[in-house]
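1. What follows is a predicted protein model with its sequence.
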Amino acid sequence: MPQTNVTVTIENLAPENGTFITPVWVGFHNGGFDTYDLGRPVSPGLESLAEDGATDGISQEFLASGSGRVDGTLIGVDGIEGPIDPGESVSQTFSLDSDDPNSRFFNYASMVLPSNDAFIANGDPAAIPIFDEEGNFIGTDFIVYGDRVLDAGTEINDEGSDSTAFFGQAEPNTGETENGVVESHPGFIEGGRILSEDGSDPNAVAPFTNADFTEPGYQVARISVRNTDEPLPPPPDLVEVTVTIENLSPENGTALTPLWVGFHDGNFDTYDRGRSASVGFENLAEDGDTSVISAEFLNSGAGFIDGTITGDEGANPGIIDVGKTTTLTFTVDRSLASSRYFNYASMILPSNDAFIANGDPLAHEIFDEDGNFLGADFVVSGDRVLDEGTEVNDEGSDSTAFFGQAEPNTGESENGVVQSHPGFEPGGRILSSPDFANGDFTTEDYQVARITVTAEGLSTESLDDDIEVYRFFNNDLQLEFYTTSEFERDSILENLPQYELQGVSFIGAPEPTEGEDSTGISPVYRFFNTNTGMHLYTAYEEERASVLEKPNYVFEGISYYGYDTQEAGTVPLYRFYNPGLDAHFYTPSAEERDIYLESPDYQPEGDENGIAFYVEPAPEL
């Protein structure tokens, strides 16, 4: 019976004058102990924990379930004994049989203080494996954010002096019974008793003026399970990024359902043209429901940060109406590969199953391999609207979302595949309605939405100033492709045999750091031409703005940086255009430049010699 000692560490990450947490219950099990389910009542044991911080009941339920044999409670010792104070860290070591299936998974639960019945816990019993199937230790290290705080639904959130644990309550189970179900916690009452407490109330053990866990990026706790006595490693490199969506449709045009977004490692494939959609994507494209695609995303292992951006203005709550803009801020760990790429999806309204989304999981790189922020800023044009192929486009009053449909999943099944949407029926029910008279997204230059991913004040200092630009030759198209991404380079080498790696073509300029004078250095932007499958690179802001308006170009962010003028140790980067192929060619080679200058098929861009900007030569040019 191989024994493995594992150490569980709980660190309260709340700010000063923020939330406390009660002693944390933890249990190791076989994946069968379900702490709670959203939308259902809690067990008596969890009710006792969520209302009063008691762990005896949930421990008894755990042991009686037969799912596991080892559990315990981690108690705070600093400051106020028992609860774990803001900034406090506690640890406890458990001895587990690594070959025993009952040791494989990890659950936790704790009450958030002060509150009536707020708590944190993992609802998916298989979400946190500690050992793999062969008994190898995996461990875990994660942060519980404020948007993960739950409401047990057992006690009304009145914040009363006689019913709020840790803030006046004299004995357990004194609050007014709610008879509700588990749901996301709405947060403390704005201007209410908890958030207004400055420490002057004799019932208050501390001020709670910074306890609003609904604030973007609020961190409740860090939880780790390790098999070493070494000190806990530094916390993740956490940064805040804001996703903004603006509905660009004209007046009386199309609306959008709440936008689902997810950050991942480049392996979450939302959809594939010519193939049937997943169940989660069917729910989104037919009814605007993001819950199942979120579950598919989290279960994929490609990422663990996702969310739904709802409209907060307009006549239809939740819906992103014409002309409206809404945002949501996420806290991500930029040191993790699972934060690197970005996916989005939303249903077009009204429709049977029209949607927008990115099918290429590598299309929007938000961080490079060194964690430098790249961001995104692109427009989704009408010709990018897709047909899910799951419901016949009959525009019926009982099947068209946002235009008469009374309940989800009422349309006639199509059993088709994802393809470009043909548009609404000319003279049909949708376009004949005054409310949607301008909803023909197949119209030239129709714009559906603008989506940006930004980060204020985020340092983009690179760990390596040498930005190598790799050059591939596409043997099918007889054209070049360039990338600075080692991840993308390796993915192409592994999956796209038509691409031949020709090595490092040149070195980009060092990326300016925050506060550094960047005079003479310009970002080089990368666009994807959806008509040709090729890329455009430009260092000109005017050209960037012009290309952003073109529906067949997808903006992919900053690729690297270039020098505006020739400096010591730099060479010109030449750029040529082939109108017949609608393709651009780039080279730092004077010999290749001369060949293209003599070719009638290519036109120099930039000055008369085709100089676009300047770069450093590759070590072996």
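-> That came through fine. Since we're looking at a predicted model, the values are computed, not measured.
2. pLDDT weak spots in the stretch 351-500 of the chain?
-> 457-466 (pLDDT under 70).
3. what do you get if the cut-off is 50, keeping everything else the same?
-> 459-464 (pLDDT under 50).
4. which stretches of it form strands?
-> Per DSSP state E, counting those that start in this stretch, the stretch 351-500 of the chain carries strands over the ranges 354-357, 376-381, 386-387, 419-420, 447-454, 467-474, 479-483, 499-508.
5. in the protein, what secondary structure element scores lowest on mean pLDDT?
-> helix 486-495 (a mean of 82; mean pLDDT, DSSP states H and E).
6. How far off centre is that one?
-> 23 Å (CA atoms, centre = their mean, to the nearest Å).
7. Would you mind pulling up the elements that it packs against?
-> Helix 486-495 makes packing contacts with strand 479-483, strand 499-508 when contacts are defined by 3 or more CB pairs under 8 Å, 6 or more residues apart in numbering; DSSP states H and E. Where C-beta positions appear, they are placed from N, C-alpha and C, glycine not excepted.
8. from the chain's centre, how far out does the first one sit?
-> What that stands for is strand 479-483. That offset, for strand 479-483, works out to 28 Å (CA atoms, centre = their mean).
9. so that strand versus helix 486-495, what angle?
-> Interaxial angle of strand 479-483 relative to helix 486-495 (axes from the mean of the first three to the mean of the last three CA atoms, to 10 degrees): 140 degrees.
10. other SSEs contacting strand 479-483?
-> Going by 3+ CB pairs under 8 Å, 6+ apart, strand 479-483 lies up against strand 467-474, helix 486-495, strand 499-508, strand 534-538, strand 583-587.
11. Could you dump those into JSON lines with mean neighbour count added?
-> Formatted as JSON lines, the helices and strands packed on strand 479-483 follow (neighbours: other CB atoms under 10 Å):
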{"stretch": "strand 467-474", "mean neighbour count": "20"}
{"stretch": "helix 486-495", "mean neighbour count": "14"}
{"stretch": "strand 499-508", "mean neighbour count": "18"}
{"stretch": "strand 534-538", "mean neighbour count": "21"}
{"stretch": "strand 583-587", "mean neighbour count": "21"}
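12. for the ones you listed, which one sits closest to D360?
-> helix 486-495 (11.1 Å; CB to CB).
13. Count residues in the vicinity of A64, would you?
-> 9 (other CB atoms under 10 Å).
14. Now do the helix or strand hosting it: distance to the chain's middle.
-> Taking DSSP states H and E as the definition, A64 sits inside helix 56-65. Helix 56-65 has its C-alpha centroid displaced from the chain centroid by 35 Å (CA atoms, centre = their mean).
15. Buried residues in that helix, which are they?
-> G57, I58, S59, E61, F62 (16 or more other CB atoms under 10 Å).
16. now the nearest residue to A337 once chain neighbours are set aside: how far from I143?
-> Leaving out its chain neighbours, the residue that sits closest to A337 by CB to CB, 6 or more residues apart in numbering is D265, at 4.3 Å. As judged by CB to CB, to the nearest Å, D265 and I143 stand 18 Å apart.
17. And the pLDDT at the nearest residue to V26 once chain neighbours are set aside?
-> Using CB to CB, 6+ apart and skipping the chain neighbours, the partner closest in space to V26 is Y108 (5.0 Å). Looking at Y108, its pLDDT reads 98.
18. tell me the contacts of Y108?
-> Counting by CB atoms under 8 Å, 6 or more residues apart in numbering, Y108 makes contact with I10, V24, W25, V26, G27, I120, A121, N122, I223.
19. Residues in a beta bridge with the third one, which ones?
-> Note on W25: beta-bridge partners by DSSP bridges are T73, A109.
20. mind listing what it touches?
-> W25 neighbours (CB under 8 Å, 6+ apart): L49, T55, I58, S59, D71, G72, T73, Y108, A109, S110.
21. Was I right to think V448 contacts L256?
-> Yes. V448 lies in contact with L256 (CB atoms under 8 Å); the separation is 7.5 Å.
22. okay, now the domains of the chain?
-> The chain is divided into the following domains under automatic domain parsing: 3-226, 238-454, 467-617.
23. Could you give the separation of the second one from the chain centroid?
-> Centroid separation for domain 238-454 versus its chain: 14 Å, with CA atoms, centre = their mean.
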